[in-house]
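1. My questions are about this predicted structure, shown below with the sequence.
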Amino acid sequence: MKTKRLHRRTLLTGLGGAAVALPFLEAMLPRRAWAAGDGPCRFVSFFAGVEQRSCVPSGTGAGYTQASGWSTTPAAARPVPTLEDIREQMMVVTGTRIEGTGPSGVTPPGGKSNPHHGNVMAPMLTGFNSEVNPYGVAGSTADQLFADVWGTDTQYRSLQFRVQPVGYRQGTGGRSGTMAYDDGQSLVPQASPSLAYESLFAGFVPPDASADDLEAHEKLLARKLSVLDLVKGRADALIPQLGGYDRQRIERHFDQIRDFETRLGATPPTTGVGDCAQLPEPPADPTAESFPNTAHGGSAGYSDEDLRGHLMVELVHMALTCDLTRAASIMLTQEQSMMSLAPLFGSNYEMHDVTHNDIPDRNKVWDEITTWHAGFFAKLVQMLADTPEPTGGTMLDSTGVILTNSGGPSAHGCTNLALLVAGVPSTLRSGVHVSVSGHPSQIHQTVLHALGVDHDMGDLPGLQDAMLV
């Protein structure tokens, strides 16, 4: 007997226009068919805005010794797993490099032009050299190539989050605060955990909701929409009074608000599958004003990025669990980060200082910084490994996760880069250190290949066979 195909957000309608959302059913699975033990693929990319000092392990294969830059215990108030906790679920890939502009002044394929900051992220994450325009980006990042294949039938094609909310001593615009690009167009990340939560869960209604719950939900949704419409109406009156540049900026801003409004009006997800559930509402976003100024630099350069990191990782995990999206990027700190080190690591300097200045206990602090970033990668990997897949196995079985830093050993270095990779154990090796030769975009392309996305990346496409089982 041929079964009926249902849309994931099918409603049962009745008299008086009443409507109830159905829980997730097998009939809602896409026609490409998840067999038992199979399921939709997912991809998450992390970025850490600090160069590496000591992140290349000694030894290769399963018997490697973890480098100090990824093995210490960071002095954070909210502990995260260490890489040793997830050793069997991940792979350390080293040996990749990004060439710089040579004496001839020509930037090689996949290379970075000068200066380093603002020009390394394009080749790092897309594989194309950074000489398109001044600080321009060509091509797409891996999360967007993945979303082209797997993000067509989810509520969110992809999610872009940033943990560091502001640049402190520099701006957050352009490449310093963005890590996702779709055919050269930047996708501005959401830096507010509260707004990220709101967009994902404002309309959440459990499948056993009472009539009163449904009525309260409708009133809340109508109130939120009316507020957004009020703001948009005022903007329509303001726009004609602005200059051309400001007009473009505010129009784009309110286009994003309109998109948010549309998403609020969409049929909400339900808790009908696996561990999908509404998370507790996060506290108000911490701000720099909540923390004292640092002794060095005189800027309030910390907004509890530690708490923000935990919240963002938990939101991404639940968005994947509820199948709201299958592609996400998390920028932990922005490129050339000026976040204060004082609250987490007891050092009265900004993060970028550690890559240039001989600050007290420099190597120890630097190791704690890179370990702290890697802990959020480890947290998500562990959560995915602990979450059952409704069709069998765990979510990590069909999810690829990558952590990339903004440079390699020494300040502004781009040789012997070390990347962390986890997931898809049927295709990708785990529990090992693999030393390769090539470009970091090939690491991303290999993970995409393991997820069924065969798309050449950048100027130097190719797979790293040593990563494959």
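-> Everything's here; your move.

2. Could you use CA atoms for every contact and neighbour count after this?
-> OK.

3. Going along the chain, name the strands of the stretch 301-450 of the chain.
-> With strands called from DSSP state E, counting those that start in this stretch, the stretch 301-450 of the chain shows them at 327-331, 399-405, 417-422, 432-438.

4. Give me whichever of those strands is most buried.
-> strand 327-331 (a mean of 28; mean count of other Cα atoms under 10 Å).

5. burial count for the closest residue to residue 363 other than its chain neighbours?
-> In this structure, residue 363 finds its nearest non-sequential neighbour in residue 53, 8.0 Å apart by Cα to Cα, 6 or more residues apart in numbering. Around residue 53 there are 21 other residues, counting by other Cα atoms under 10 Å.

6. Domain parsing of this structure, as residue ranges.
-> By the assignment in automatic domain parsing, the chain contains the domains 40-195+278-467, 205-267.

7. Please report how far the closest residue to residue 150 other than its chain neighbours lies from residue 386.
-> Once flanking residues are discounted, residue 150 sits nearest to residue 326: 6.7 Å by Cα to Cα, 6+ apart. As judged by Cα to Cα, to the nearest Å, residue 326 and residue 386 stand 18 Å apart.

8. Which residue of the two possesses the greater neighbour count?
-> residue 326 (29 against 13).

9. Pull stretch 85-103 out as CSV, backbone CA atoms only.
-> Only the C-alpha atoms of stretch 85-103 are listed here, as CSV (Å, rounded to 0.1, in the frame of the first residue of the first chain):
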residue,chain,number,x,y,z
ASP,A,85,36.8,13.8,26.6
ILE,A,86,35.8,13.4,22.9
ARG,A,87,39.0,12.0,21.6
GLU,A,88,37.4,8.9,20.1
GLN,A,89,34.7,11.1,18.3
MET,A,90,37.1,13.6,16.6
MET,A,91,40.1,13.9,14.4
VAL,A,92,43.0,16.4,14.5
VAL,A,93,44.1,17.4,11.0
THR,A,94,47.3,19.3,10.6
GLY,A,95,49.8,20.3,7.9
THR,A,96,47.6,22.6,5.7
ARG,A,97,48.8,26.0,4.8
ILE,A,98,47.8,29.2,3.1
GLU,A,99,50.4,30.9,0.9
GLY,A,100,50.9,34.7,1.1
THR,A,101,51.6,37.2,-1.5
GLY,A,102,55.1,36.8,-2.8
PRO,A,103,57.8,39.2,-3.8
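
10. in that stretch, what counts as buried?
-> 86-87, 89-101 (16 or more other Cα atoms under 10 Å).

11. Next, residue 161: secondary structure please.
-> strand (DSSP: H, G, I helix; E, B strand; the rest coil).

12. How about it: which residues does it bridge to?
-> Beta-bridge pairing for residue 161 (DSSP bridges): residue 190, residue 330.

13. okay but it is in contact with residue 191, surely?
-> Yes - using Cα atoms under 8 Å, residue 161 is in contact with residue 191, at 5.8 Å.

14. ok, those two, which is more surrounded?
-> Using other Cα under 10 Å, the more surrounded residue of residue 161 and residue 191 is residue 161, with 28 against 22.

15. so who does the more buried one touch?
-> Going by Cα atoms under 8 Å, 6 or more residues apart in numbering, residue 161 touches 189, 190, 191, 312, 328, 329, 330, 331.

16. make it 6 Å
-> 189, 190, 191, 330 (Cα atoms under 6 Å, 6 or more residues apart in numbering).

17. May I have the phi/psi pair for the first one?
-> For residue 189, the backbone dihedrals are phi -80, psi 150 (criterion: degrees, to the nearest 10).

18. Now name the helix or strand holding residue 198.
-> helix 193-201 (DSSP states H and E).

19. so for that helix, what's the average pLDDT?
-> Helix 193-201 shows a mean pLDDT of 90.

20. ok, and for it, which residues are buried?
-> 193, 194, 195, 196, 197, 198, 200, 201.

21. could you pull out the helices for this protein?
-> 121-126, 142-150, 193-201, 211-238, 244-265, 305-321, 342-345, 362-385, 440-450 (DSSP state H).

22. By mean pLDDT, show me the worst of the ones you listed.
-> helix 244-265 (a mean of 58).

23. what about the stretch 1-150 of the chain, any weak spots by pLDDT?
-> 1-38, 74-77, 131-136 (pLDDT under 70).

24. So which residues of it form strands?
-> Going by DSSP E, counting those that start in this stretch, the stretch 1-150 of the chain shows strands at 11-13, 19-21, 42-48, 90-96.

25. mind checking the end-to-end distance for stretch 151-160?
-> 13 Å.

26. same check, this time on stretch 52-62
-> For stretch 52-62, the end-to-end distance is 22 Å (Cα to Cα).

27. same deal with stretch 166-180?
-> Note: stretch 166-180 ends 17 Å apart using Cα to Cα.

28. cool, stretch 65-79 as well?
-> 22 Å.
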